[in-house]
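Peer 1: Sequence first, predicted coordinates after that:
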Amino acid sequence: MRLLADENFHGDVLDALQRAEASLDIVRVQDTELYGASDPVVLEWAAKEERILLTHDVQTMTKHANDRIRAGLPLPGVIEVRIRLSIGDTVEQILIALLTTQPDELAGRITYIPL
């Protein structure tokens, strides 16, 4: 599964996620030319690269993702992660969302963690 971690994504959660499931292809925004880019630009890049976005930005990223959905623009999916659980439980919930679905089932949707 191809993922893009938003620049505000919790590093400890990301590290634990990569350790738990080595098959995940995760790119961090700060490791690309997207660093500091606006949410719409990040979402457009994720769509072009067919990467599901992991983010904690429930306010603005959700708004822009919903704008793309309403406009009929491609959106591989957004996973909105709220850190309310331990890191281990958060990682488990993300893996449930990712590994119990096919990538096309997440397309055009926003999935909220915790489930």
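Peer 2: In hand now; what should we look at?
Peer 1: Can you give the contact residues for stretch 80-88?
Peer 2: 9-10, 12-13, 16, 54-58, 61-62, 90, 93-94, 110-114 (C-beta atoms under 8 Å, 6 or more residues apart in numbering). The C-beta positions use only the backbone N, C-alpha and C, and glycine is treated the same way.
Peer 1: distance between stretch 106-115 and the chain's centre?
Peer 2: With C-alpha atoms, centre = their mean, to the nearest Å as the basis, stretch 106-115 stands 9 Å off its chain's centre.
Peer 1: so where do the strands sit in the chain?
Peer 2: Taking DSSP state E as the test, the strands found in the chain are 2-5, 25-28, 52-55, 78-81, 110-113.
Peer 1: can I get those in JSON lines with mean pLDDT, mean neighbour count and distance to Leu34?
Peer 2: Below are these laid out as JSON lines (pLDDT from 0 to 100; neighbours: other C-beta atoms under 10 Å; distance: least, C-beta to C-beta, whole Å):
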{"stretch": "strand 2-5", "mean pLDDT": "97", "mean neighbour count": "22", "distance to Leu34": "8"}
{"stretch": "strand 25-28", "mean pLDDT": "97", "mean neighbour count": "15", "distance to Leu34": "9"}
{"stretch": "strand 52-55", "mean pLDDT": "98", "mean neighbour count": "25", "distance to Leu34": "11"}
{"stretch": "strand 78-81", "mean pLDDT": "97", "mean neighbour count": "24", "distance to Leu34": "15"}
{"stretch": "strand 110-113", "mean pLDDT": "96", "mean neighbour count": "18", "distance to Leu34": "19"}
